[in-house]
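**Student:** build the 3D model from these lines:
(chains A, B, C, D and E)
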Amino acid sequence: MSGTDILALAACGLVAIGLYGVVAQAEVLRKIIAFNLLGAGVFLLFGVVARRGAAAGLAADPVPQAMVITGLVVAFAATALALVLTLRLHQITGAATVAEDPPSGAAPDPASEP
Amino acid sequence: MTQLLLLAAALVLLTVLAGLWRVLRGPQRADRLMAAQLLCTGGIAALLLVAAAYGIEAIVDVALLLALLGAFTSVAFVMAARLVGSR
Amino acid sequence: MSVVIGIFSAVCVLAGAFFFLAGTVGLIRFPDTLSRVHALTKADNLGLGLIVLGLLPLASGAGVALKLVLIWALVLVGGATAAQLIGAAAAKDER
Amino acid sequence: MTATTPGGWLLVLALTLPAGAMLLGFVAGGRHAQRIALGALAIWLAIALAVALQVQASGAPLAYVIGGWQPPLGMALRADGLAAAMLLTGAVVLLAVALFGQGAYDTPRGAAETRAAYAFWCFLPALAAALAAAFLGGDLFNLFVALEMLTFTALALACLDGKPSQFKSELRYLLFALIGSVLYLLGAGLLYGAYGTLDIALLAGRTRADAPTMVAGALMTAGLIAKMALFPLHFWLPPAHAGAPAAASALLSGLVVKGAFVLLLRLWFWVLPAPVVLGGGTVLAALGATAIVIGSVVALRQERLKLLVAYSTVAQMGYLFLMFPLLAAADADAASRAWLGGVLQAVSHALAKSAMFLAAGLIAVSLGHDRVTSLGGAARVMPITVIAFALGGLSLMGLPPSGGFTAKWLLLRASVETGQWWWSLVILTGGLLTGGYVYRIVAAALAPPAPGCVARAVPRPQELCVLALAVASMLLGVLPLYALGLVRVGAP
Amino acid sequence: MTAGLLFDLMMALAVLGTAAWTLAARTQFAAVIGFVATGLLLSLVWVRLGAVDVALTEAAIGAGATGVIILYVVARLRGGTAEISAATPSRAQRALAALLAVAVGGVLALAVLNLPDPAPSLAEAALAGSAPLGLGNPVSAVLMAHRGLDTLLESVVLVFAVLAVWSMAADHRWGGAPGPVFRREESGPLSLLARVLPPVGIVVGIYIAWVGADAPGGKFQGGTILAAMWILPWIAGLARPPSITDWRLRLMIAAGPLTFLCVGLAGFAVADGFLSYPPSFAKPLILLIEAAMTLSVAAALACLIAGPPERRLPPESMAADRR
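**Tutor:** You can find the predicted model right below:
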């Protein structure tokens, strides 16, 4: 077992932890944090792949590195979007979860359609 | 010299992690903020030591970025903690 | 590299690492938040400062040396500001 | 080895024109954003048409190697028949929705910029760019970025009204979509680790049925079907699609889910090795069959028109998965029919469903509600809208001469020819159930108005946009079959 | 070698430990701290993996910017305890979720450990491909040339995100300035920091962006620093974000992708086609794009952190901001 393998297992562990958090936690905000942990695990896996592809005097394959940089920025944008939606949901309805509403309110009210 | 620097890096990181474990337990927000700050400083120290050990200058830039954003982030956190506290 | 500079660097770096250790021990042993802030700032500033001091002679150029000093200065300013704000917040919490 | 084909620059244009239009509209704002979007979408339709004609004429996929950097290091844009057909569909639906949206999101001269209008006119070209990236992308990571573009656009469009009731279902949608993307990305990482490239054409035929490939395939498939709302991951879709404003619902149900569908096809029939496709296809089709039955039954029982149409999307997406085991069958003719049927189903559903959502939106505006039981009088006030809704419904049911009929007929034939006749039972059952809920709506709309019901007239241009989409989904069924040969270009 | 192995093991355990702690944290505030700590450790892991560019990005965006943006939402969410406990999954559901997570993690581990050896790599090709562009950093070459389309689309995605965030505002707040208002701090450590740090930070940010062509660094990392230096005076109450209808702000956000797009299309006329650079002119063009992108990343990130407009400006300044 090499050091890269250990970090590969850490990436898998991070994915598992993030996935558990996304599924099992109630608050949206914690789901978003868990989503970011999940994403970190995925990126770490790319890092392991890059490290395994070290060649030509480079410490790691640059292509997966470039993908991770792109991915990190996209994940940040996604987080910002999810957070602003969480905030607005909370400001308007006071809700902090995305659990189903009681049946009476479940159907969206189409009366105010433009 | 390289060995010594790496040893020092590992030592710093290890102590910082030990401290992290203690402080993450709280009980107060201030304790947690300190934990993050301690980790940041320790991380910077470790990075500088590793950079010197291997002679990779670029790692110094990572430390520089951490120092700059660390200062910013701790302040941003304290301000946010104030918002939380004022509820 | 001359032996004197090497020894100087080694001593400084090890002393810096020791300060981190001491700070952590303080962090673990001290009973209340304010004294923990105290322990932390010491470890931060002195530990990192000594390490930077030790690494300065090893720097490959003036640019790197400048960066090292800048890093220390940033950590000092940031740490002092944050510690002051944290302390104020903690004092309010404890009241 | 990919080489840039003649006309390959059209693909670049199809991607950059709407992206540039979005950026310009973003800066200019207000009335300018609206003009830029309308102009760009019209040109985009012309480009999509040119791409389709070029692919049809040359009988081979178009390709463009970006920057002259060959894959695996570089990336390529490719347009086979599937991509060209979907691009054209997207362009038609988007332009129709844009013309429809002029009613609700107009910024009159001299008026201040408003939030909804600004967002609407920026996100229409944004959606066009996202669709172009998803349909034309030739690299699995680039397609991940395209998926995220689709998600962001779809979400913003869905929240256009800013209605409180909507935020929860849209947030749930966003979480699903984001997790779907991350799982997809995870699989892509494994594939890169195994093959050192993410270029689809290079991966094709090179993949092995080993552990990393299988796990990657499973993760990416799971992520994509979460985005496509395949049973049992469907429950986010109806509230999210039904809660959005009509124009957005049409785009979400008609186009956005199709982006993930095209990716799934690319993954299964280009990237994954044949044995996996053979085994897994049946599982997907079984889930699709369940979606058809459950989605249709639930749709039949809905009280709200828009929710009914949204559940119908769950069911109709199910049909798309029936092609998976049929394509893997040994019979080449049948496989080719299944391919054509599946893609045609995606296209005709996009046209029909967007028409139905827009029609449902107009009905809701006119009556002030969308309760299915009290739609009486709708047909008198807005006959065109109700006709458009009915035409869309016919296509969903699969009655001749609609595009839906050709699609379902081809799938039916392929399932019988490959000896997998049980899928044909599902297709027929789904058709009957669809007939049930479409009949329910049309019958209710034809009923005399309830006393005290005041129905407002709706703008004629909006009605005509809806009708145009419904007629387009009909015309698809009367097109001579050689015109549909486009879809077969570059098929797996 | 074994020392390195021990180090990797320590880092792996530390990352997993803080991540688990993040999920278990009692308060949301603590969870965010745990998340930032995890991010910090991860950036050390990235250095260990030989990916210094990613370490910079992880520290700047993954830990710093993401942590701050989550925290500012935490600070504004209130209560909802009853709702949360009602929505919390039961013990059985949690066990099921754990089972799912462990299964996915396990299968993934199986797949990763079975990746082919020697691993396929594009390192050599990327190195060879970066030389004609005059770039010393192959990661930048991949980002700007070989996979330039990814980067272009990603910069467009940032504009999508800003627009989406703005469009979540309430209708009557349209045209206002983003984010909450902070009390002005005339004196004290915060105001001092808000005056001292930005000049230094701006220089460092530009340096990190500039150095990206030849060494680890680049527009995203530098842009994040610039964004932070913009946010700092704002939370100290010393500066006010501009109105979202201000065309200068919008142009700043869109300038990067627009420049990238124009240079890309110019490739049709002056080089081998879309996103190809003329050999003798490649580096200046890439630096031009990087400069515009740094500005746009900074503006977009700052806008994403600030959030949707939350208040209207006084009428006279509204008129000035609208064209």
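**Student:** how about the strands of chain A, start to end?
**Tutor:** Using DSSP state E, no strands are found in chain A.
**Student:** which stretches of it form helices?
**Tutor:** A:3-24, A:28-52, A:62-93, A:103-106 (DSSP state H).
**Student:** give the rounded mean pLDDT of the shortest one.
**Tutor:** Helix A:103-106 comes out with an average pLDDT of 40.
**Student:** mind listing the helices for chain E?
**Tutor:** Applying DSSP H to chain E gives helices spanning E:2-24, E:28-48, E:52-57, E:66-74, E:81-87, E:91-113, E:123-130, E:138-141, E:148-166, E:189-211, E:219-235, E:247-270, E:282-306, E:315-321.
**Student:** buried ones in the fifth one?
**Tutor:** So the one you mean is helix E:81-87. E:83-84, E:87 (16 or more other C-beta atoms under 10 Å in any protein chain shown). C-beta: built from backbone N, CA, C; applies to glycine.
**Student:** turn those into TSV, columns for pLDDT and distance to chain D.
**Tutor:** As requested, those are exported to TSV (pLDDT from 0 to 100; distance: C-beta to the nearest C-beta, whole Å):
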residue	pLDDT	distance to chain D
E:Glu83	73	11
E:Ile84	74	14
E:Ala87	77	11
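**Student:** closest one of those residues to E:Ala37?
**Tutor:** The nearest member of those to E:Ala37, counting by C-beta to C-beta, is E:Ile84 at 23.9 Å.
**Student:** from memory the closest one sits against A:Gln25, does it?
**Tutor:** No - taking contacts as C-beta atoms under 8 Å, E:Ile84 lies outside contact range of A:Gln25: 9.5 Å.
**Student:** got the contact list for residue 58?
**Tutor:** Using chain A. Contacts for A:Leu58 (C-beta atoms under 8 Å, 6 or more residues apart in numbering or on different chains) come out as E:50, E:123, E:126-127, E:138.
**Student:** please go with chain D instead
**Tutor:** D:5-7.
**Student:** ok so, going back, so which of the contacts of A:Leu58 also contact chain A?
**Tutor:** E:50, E:123, E:126-127, E:138 (C-beta under 8 Å from any C-beta of the partner chain).
**Student:** okay, the helices of chain A, which one's buried deepest?
**Tutor:** helix A:28-52 (a mean of 27; mean count of other C-beta atoms under 10 Å in any protein chain shown).
**Student:** and that helix, how far out from the chain middle?
**Tutor:** Chain-centre distance of helix A:28-52: 7 Å, with C-alpha atoms, centre = their mean, to the nearest Å.
**Student:** any residue of it touching chain E?
**Tutor:** Yes - interface with chain E: helix A:28-52 contributes A:29-30, A:32-34, A:36-37, A:40, A:43-45, A:47-52 (C-beta under 8 Å from any C-beta).
**Student:** excluding covalently adjacent residues, which one is nearest to A:Val98?
**Tutor:** D:Arg172 (4.5 Å; C-beta to C-beta, 6 or more residues apart in numbering or on different chains).
**Student:** residues near the one you found, how many?
**Tutor:** By other C-beta atoms under 10 Å in any protein chain shown, 21 other residues sit near D:Arg172.
**Student:** now it. Its backbone dihedrals?
**Tutor:** Backbone torsions of D:Arg172, given as degrees, to the nearest 10, read phi -60, psi -40.
**Student:** could you verify my assumption that it touches D:Ala240?
**Tutor:** Yes - using C-beta under 8 Å, D:Arg172 is in contact with D:Ala240, at 7.0 Å.
**Student:** which of the three states applies to D:His32?
**Tutor:** The three-state assignment at D:His32 reads helix, by DSSP: H, G, I helix; E, B strand; the rest coil.
**Student:** let me see the contact set for the single nearest residue of the stretch 101-250 of chain D relative to chain E.
**Tutor:** Nearest residue of the stretch 101-250 of chain D to chain E: D:Gly196, at 2.6 Å (C-beta to the nearest C-beta). Neighbour list for D:Gly196: A:53, D:72, E:119-122 [criterion: C-beta under 8 Å, 6+ apart].
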